[in-house]
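Colleague: Structure, please.
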Amino acid sequence: MKRTEIKDALQCTQYGQQINVRGWVRSRRGNKNVSFIALNDGSTIKNIQIVVDLAKISESELQPVTTGSCISATGILVESMGKGQTVEIQAEQIEVYGTADPDTYPLQKKGHSMEYLRDIAHLRPRTNTFGAVFRIRHNMAIAIHTYFHQHGYFYFHTPLITASDCEGAGQMFQVTTKNLYNLKKDENGQIDYSDDFFGKMSALTVSGQLEGELGAMALGKIYTFGPTFRAENSNTPRHLAEFWMIEPEVAFIQKDELMDLEEDFLKFCVRWALDNCADDLQFLNDMFDKGLIERLKSVIDTDFVRLPYTEGINILQEAIKNGKHFEFPCNWGDDLASEHERYLVEEHFGRPVIMTDYPKEIKAFYMKLNEDGKTVQGTDVLFPSIGEIIGGSVREENYDKLMAEIERRQIPMKDMWWYLDTRRYGSAPHAGFGLGFERLMLFVTGMQNIRDVIPFPRTPKSAEF
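Modeller: I've put the predicted structure just below:
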């Protein structure tokens, strides 16, 4: 018989029809006359109840039906009198696909810590919490593609392996086929990559932005959405070694239009979650973060503040004068810490902030210099609970100015001729931003640790599963 997904079965009102559902047992309880099985197939946070008359299906047949086992249940769909459910199934036949030893199955019906669940990441998607998180993750990916497609962007695939020895090279994972126990070196003692697969040092990408700019210089507006890698030895709740990035690049737009894009895009994604993930968000709101749904609604209902960096520093210094304590300094020229960003968003303004016009010394070489010669046209979006969620900027399109900054910073550009060519042949004003997908997921789900919004987190000393 054809299977019905549980999310559809729970919406069905054709009582009296025969139905088949399949999934994993969350619990089984009962007495000598009747047994109640809570079944979940991942299609929804909600379980469906299978009612088993022990006069029809014996207790011995149900013995393998334990928490974690996988079954197929065929029976009659009936209206339920039970609290919190509208339908249930009166079982006619139970087939066990896979058993789960109740003495060793790691997900018994009790509360488990997030730390414990990270150690069994291969099983944690079966919990209510992670089922909800990963369904929302899917929906956020759909929202991202939908937004850009509807707005005329082209999905542009940038390489995961790069030979560009550029900014951030010290934080890259090298890719090699060389024998690490017998490395060939040149007369200066440097590793000779001439016999390596790509003939030069190569690494996993830290960003698709530079290649994305090439796409924007031909297609007008593109976006990337793929995995990126940072070899930072960071064990914070906000960092991963492998994560996903969304990076649109757009020709012919200025700073104000870039900020409009950032705000509109984030509101679209949050609205999509509220419209398409209501049950999962309600569960996370009730179980983890009582203010989650209210916070999501507040983002789409308010205009983001647009705040020059210098004004932001003045606000923070005024707060310090009035007794506010920050762990890190915040003088003009300092890179803001998360505590500073969250103070501005959560305490001072009470809504998201787009901070602009940062000192050039704390920002990347490719950002467009303002007329003051000291600040650049960065546009970072700061969110409640998160801090910086988007890093964006207008890019410097002038070849001479870009080269002057590269030389001033002594950035090795010998392998970056292709990037500089976009400024030599038909250069155009353009801008873009980068959004860490897992940062967005933290905000939308209310989870506290970035390792809990990606199925298999990659962190220092951890590459399990």
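Colleague: use CA for all of it now, contacts and neighbours both
Modeller: Noted.
Colleague: got the contact list for the residue nearest to residue 94 when sequence neighbours are not counted?
Modeller: In space, and not counting its chain neighbours, residue 94 is closest to residue 73: 4.7 Å by C-alpha to C-alpha, 6 or more residues apart in numbering. For residue 73, the contact set (C-alpha atoms under 8 Å, 6 or more residues apart in numbering) comprises 20, 21, 22, 50, 91, 92, 93, 94, 95.
Colleague: check which helix or strand covers residue 73.
Modeller: Residue 73 is part of strand 70-79 when elements are defined by DSSP states H and E.
Colleague: what about the following helix or strand past that strand, average pLDDT?
Modeller: Note on strand 70-79: by DSSP H and E, the next helix or strand toward the C-terminus is strand 87-98. What strand 87-98 shows for mean pLDDT is 97.
Colleague: Now strand 87-98: buried residues?
Modeller: For strand 87-98, a neighbour-count test (16 or more other C-alpha atoms under 10 Å) marks 87, 88, 89, 90, 91, 92, 94 as buried.
Colleague: Quick check: closest non-adjacent residue to the residue lying farthest from the centre of the chain.
Modeller: Residue farthest from the centre of the chain, counting by C-alpha atoms, centre = their mean, is residue 55 at 49.6 Å. Distances taken as C-alpha to C-alpha, 6+ apart put residue 33 closest to residue 55, at 7.1 Å, once the chain neighbours are dropped.
Colleague: Relative to residue 26, how far out is that neighbour?
Modeller: Distance from residue 33 to residue 26, counting by C-alpha to C-alpha, to the nearest Å: 20 Å.
Colleague: what does residue 172 give?
Modeller: According to C-alpha to C-alpha, residue 172 and residue 26 sit 42 Å apart.
Colleague: So for the two, which sits in the more crowded spot?
Modeller: Neighbours per residue (other C-alpha atoms under 10 Å) separate residue 172 from residue 26, with residue 26 holding more: 24 against 20.
Colleague: Contacts for stretch 456-465 next, please.
Modeller: 121, 122, 233, 234, 235, 239, 240, 241, 242, 451.
Colleague: and residue 135, what element?
Modeller: Using DSSP H and E, residue 135 sits within helix 128-150.
Colleague: what packs against that helix?
Modeller: Contacts defined by 3 or more C-alpha pairs under 8 Å, 6 or more residues apart in numbering; DSSP states H and E place helix 128-150 against helix 255-276, helix 278-287, helix 437-445.
Colleague: what's the closest of those helices to residue 10?
Modeller: helix 278-287 (12.9 Å; C-alpha to C-alpha).
Colleague: counting contacts, what elements does the helix or strand that comes right after that closest one pack onto?
Modeller: Next along the chain after helix 278-287, taking DSSP H and E as the criterion, comes helix 292-301. On a contact count with 3+ C-alpha pairs under 8 Å, 6+ apart, helix 292-301 meets helix 255-276, helix 278-287, helix 437-445.
Colleague: With just CA atoms, put the shortest one into PDB.
Modeller: Taking only C-alpha atoms (Å, rounded to 0.1, in the frame of the first residue of the first chain), the coordinates of helix 437-445 have been written out as PDB:
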ATOM      1  CA  PHE A 437      24.400  30.700   6.500                       C
ATOM      2  CA  GLU A 438      24.900  29.200   9.900                       C
ATOM      3  CA  ARG A 439      24.800  32.700  11.500                       C
ATOM      4  CA  LEU A 440      21.400  33.200   9.900                       C
ATOM      5  CA  MET A 441      20.400  29.700  11.200                       C
ATOM      6  CA  LEU A 442      21.400  30.700  14.700                       C
ATOM      7  CA  PHE A 443      19.200  33.700  14.600                       C
ATOM      8  CA  VAL A 444      16.200  32.000  13.000                       C
ATOM      9  CA  THR A 445      16.200  28.900  15.300                       C
END
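Colleague: in it, what counts as buried?
Modeller: For helix 437-445, burial by neighbour count (16+ other C-alpha under 10 Å) applies to 437, 438, 439, 440, 441, 442, 443, 444, 445.
Colleague: Name the nearest of the residues you listed relative to residue 220.
Modeller: For these, the nearest to residue 220 is residue 437 (23.3 Å; C-alpha to C-alpha).
Colleague: quick revisit: just say which of the helices and strands packed on helix 128-150 is most tucked in.
Modeller: helix 437-445 (a mean of 23; mean count of other C-alpha atoms under 10 Å).
Colleague: Okay, now the unreliable bits of the stretch 151-300 of the chain?
Modeller: Within the stretch 151-300 of the chain, the stretches falling below the threshold (pLDDT under 70) are 165-170.
Colleague: make it 90
Modeller: The model of the stretch 151-300 of the chain has pLDDT under 90 over residues 163-171, 184, 186-189, 200-201, 232-239.
Colleague: is it possible to export the buried residues of strand 87-98 to TSV including distance to residue 101?
Modeller: Formatted as TSV, the buried residues of strand 87-98 follow (distance: C-alpha to C-alpha, whole Å):
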residue	distance to residue 101
87	29
88	26
89	25
90	26
91	23
92	25
94	18
